[in-house]
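Enquirer: model the structure of this input:
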Amino acid sequence: MPTRARILIDRRDTHRLIPTKYAPSVLENLGLRPEVAHNLSEIDALTNQRIIAERGGDTGINPYELIFGVREAKIIDAAFSHRSDYGGRFNGSQRGAWYAGFTLETSAHEVAYQKARFLRNLRAEEPQRFDYQDFETDFRGEFDALTEEERRSCLQPEPIPQCYTPSQALASILLEQGSLGLLYPSTRDPENGMCLVCFRPALVASTRRTLAYRMTIYPGHRFDPARDMEQLPANKSH
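Expert: This next block holds a predicted model:
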């Protein structure tokens, strides 16, 4: 079996794009009286996977792994507690992970692919606009790298979710072995951008929100950040 390389990285300003509708807390922005907000929060907690995880009710992640009391803690914890039914490329359906692109353009390509796929499944024909908040994070530590064989098996672009099977199996092994995360080339960025996936919430603690963007997805057309992405004014980011 090929020896796995671990790479010490010191990467500043990685990018993760999150829909603006998820970036703020809806309840916090309603201006409710404290007692009303508390009651609604308790109702929200019954179905909010992040709150369930923070209270120890999620078998996929221990609440002691989650972070509290730091900037954007809720956003970070949500990435590890909210997940789709079939997971992501390097996480299964039981536990989330923090994905980021080394550049904003790479992160945008990753997001745009998923939105284009969503529109394709809807058989949409008209362009659709989506607003995203950019979250930047600095990473320093030893991250695993894929072997050549793993690149071939784990970075297949399609079909989803079948193409995730080898990469999720690998991620499960690495997580059990104590890995911090993985570095891997983007499968969506035509300029061969780099991505990372972080398995450990504590390493994401430097996260801060920066700018917001509107992305226009044209069904059947390749996404071009220079053409299809614009920065939103500060008052339009929520």
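Enquirer: distance between stretch 78-86 and the chain's centre?
Expert: Put simply, stretch 78-86 sits 9 Å off its chain's centre (C-alpha atoms, centre = their mean, to the nearest Å).
Enquirer: mean confidence for that stretch?
Expert: The pLDDT scores in stretch 78-86 average 86.
Enquirer: same thing with stretch 228-238?
Expert: On average, stretch 228-238 scores 80.
Enquirer: what do you get for stretch 199-209?
Expert: The average pLDDT within stretch 199-209 is 94.
Enquirer: export it as CSV, just CAs?
Expert: C-alpha atoms of stretch 199-209 as CSV (Å, rounded to 0.1, in the frame of the first residue of the first chain):
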residue,chain,number,x,y,z
PHE,A,199,-12.7,16.9,10.2
ARG,A,200,-12.2,18.7,13.5
PRO,A,201,-14.4,21.7,14.6
ALA,A,202,-11.6,23.1,16.9
LEU,A,203,-9.4,23.8,13.9
VAL,A,204,-12.1,26.0,12.3
ALA,A,205,-12.2,28.5,15.2
SER,A,206,-10.6,31.3,13.3
THR,A,207,-13.6,31.6,11.0
ARG,A,208,-14.9,35.1,10.1
ARG,A,209,-17.6,36.3,7.7
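Enquirer: which residues are in contact with that stretch?
Expert: 16, 23, 65-67, 70-72, 75-77, 79-80, 97-98, 133-139, 141, 171, 174-175, 179-181, 198 (C-beta atoms under 8 Å, 6 or more residues apart in numbering). Bear in mind the C-beta positions are built from the backbone N, C-alpha and C, glycine included.
Enquirer: now, those residues that are in helices?
Expert: Of these, the ones assigned to helices by DSSP state H are 75, 76, 77, 79, 80, 171, 174, 175.
Enquirer: so the fourth one sits against residue 91, correct?
Expert: No - Residue 79 is not in contact with residue 91 according to C-beta atoms under 8 Å; the separation is 9.6 Å.
Enquirer: name the residue in those two with the higher neighbour count.
Expert: Taking other C-beta atoms under 10 Å, residue 79 and residue 91 do not tie; residue 91 has more neighbours (25 against 22).
Enquirer: so what pairs up with the more buried one in the strands?
Expert: Beta-bridge partners recorded for residue 91 (DSSP bridges): residue 88.
Enquirer: next one: residue 144
Expert: Taking DSSP bridges as the rule, residue 144 bridges to residue 6, residue 182.
Enquirer: now for it: which residues touch it?
Expert: Each residue near residue 144 by C-beta under 8 Å, 6+ apart is listed here: 4, 5, 6, 7, 174, 179, 180, 181, 182, 183.
Enquirer: quick revisit: just the buried residues of the contacts of stretch 199-209.
Expert: 16, 23, 66-67, 72, 75-77, 79-80, 97-98, 133-137, 139, 171, 174-175, 179-181, 198 (16 or more other C-beta atoms under 10 Å).
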